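A.B. asks: build me a structure from this.
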Amino acid sequence: MSGARLSRVGLRAVAIAVLAVMLFPQPAWAHLVTTGLGPVFDGIGHLFLTVEDLLPVLAITLFAGLRGRDAGRGVLFALPAAWLAAGVVGLWVGVSPPAVMSILSLLVCGGVLAANAPLPTRWVIGLAVLLGIVHGTTNGAAMAAARLGVLGLLGVTVSLFVVAALMSALVVSLSRSWMRIAVRVAGSWVVATGLLLLGWSVRMRG
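C.D. replies: Numbering: from 1, shown residues only. Reported below is the predicted structural model:
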């Protein structure tokens, strides 16, 4: 079986796992920091102060940059759009996927970045959409609990667009191999963070 086929099979398995786990939603617990500047700025602050949201976003946008300009452009628009759409759903229903989904996104996004997985552009964009669906739903439910509404989601979406534009463009511009390797090392750190959070979650449940 070729590497490209293995990548497709693996990504399909991840997609199936994501959909299966999302069938068992949990109540959302707001963990937003109030800036005092209104719901838009609260949404902006939320992204940058929430590790389980920010790190997979950095990982997928850096990975998109490694895969080239087309992947970078696709993720630039697909990730915020999926996040916003799923956020509206989360805002409406008031429940979010299990917390393990956020940890899974750290492991998957960090893993593909560390390995520089040879995924075609459409699969990179698809992975970004899955990330947006999982975290967008969680964010929307949190915004509902904190009564920030759509404006809070817009703040997150604007932040996502800026982060995606800067990170993917930065990596695309890198020409030296050691710089690109350093980007991949960042992916291993994201995976390590995911493993630490997973261990902490298991310990708390125990």
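
A.B. asks: quick one: distance of the helix or strand containing residue 91 to the chain centre.
C.D. replies: According to DSSP states H and E, residue 91 maps onto helix 69-93. Chain-centre distance of helix 69-93: 10 Å, with C-alpha atoms, centre = their mean, to the nearest Å.

A.B. asks: and that helix, what's buried?
C.D. replies: Buried positions in helix 69-93, judged by neighbour count with 16 or more other C-beta atoms under 10 Å: 71-76, 78-88, 90-91. Quick note: C-beta positions are derived from backbone N, CA and C, even for glycine.

A.B. asks: tell me how far residue 134 lies from residue 82.
C.D. replies: From residue 134 across to residue 82, the span is 9 Å (C-beta to C-beta, to the nearest Å).

A.B. asks: if you could redo that for residue 165, that was the one I meant.
C.D. replies: In terms of C-beta to C-beta, residue 165 sits 16 Å off from residue 82.

A.B. asks: next one: residue 110
C.D. replies: Relative to residue 82, and taking C-beta to C-beta, residue 110 is found at 19 Å.

A.B. asks: all helices of this structure, in order?
C.D. replies: Secondary structure of the chain by DSSP state H: the helices cover 3-22, 39-49, 51-67, 69-93, 100-115, 121-146, 149-172, 177-205.

A.B. asks: residue 125: neighbour count?
C.D. replies: 24 (other C-beta atoms under 10 Å).

A.B. asks: with residue 127 instead?
C.D. replies: 26.

A.B. asks: so it touches residue 59, yeah?
C.D. replies: No: look at residue 127 against residue 59 with C-beta atoms under 8 Å: they stay out of range, at 10.1 Å.

A.B. asks: give the residues shared as contacts by those two.
C.D. replies: Overlap of the contact sets of residue 127 and residue 59 (by C-beta atoms under 8 Å, 6 or more residues apart in numbering) consists of 109, 112.

A.B. asks: right, and residue 129 touches residue 75 too?
C.D. replies: No: contact between residue 129 and residue 75 fails when scored by C-beta under 8 Å: they sit 9.1 Å apart.

A.B. asks: could you measure from the closest residue to residue 85 other than its chain neighbours over to residue 182?
C.D. replies: Nearest non-adjacent residue to residue 85, counting by C-beta to C-beta, 6 or more residues apart in numbering: residue 136, 6.8 Å away. Shown here: residue 136 relative to residue 182, a distance of 30 Å by C-beta to C-beta.

A.B. asks: of the helices of the chain, which shows the lowest average pLDDT?
C.D. replies: Note on the helices of the chain: lowest mean pLDDT is at helix 3-22, with a mean of 43.

A.B. asks: the more surrounded of residue 136 and residue 182?
C.D. replies: residue 136 (30 against 11).

A.B. asks: dump the residue contacts of the more buried one.
C.D. replies: 82-87, 89-90, 153.

A.B. asks: switch the cut-off to 6 Å
C.D. replies: Shown in contact with residue 136 (C-beta atoms under 6 Å, 6 or more residues apart in numbering): 83, 86-87.

A.B. asks: which one of those is nearest to residue 104?
C.D. replies: Of all these, residue 104 sits closest to residue 86, with 15.7 Å by C-beta to C-beta.

A.B. asks: I figured that closest one was touching residue 133, is that so?
C.D. replies: Yes: assessed by C-beta atoms under 6 Å, residue 86 is found in contact with residue 133 at 4.5 Å.

A.B. asks: that's all I had, so thanks and see you.
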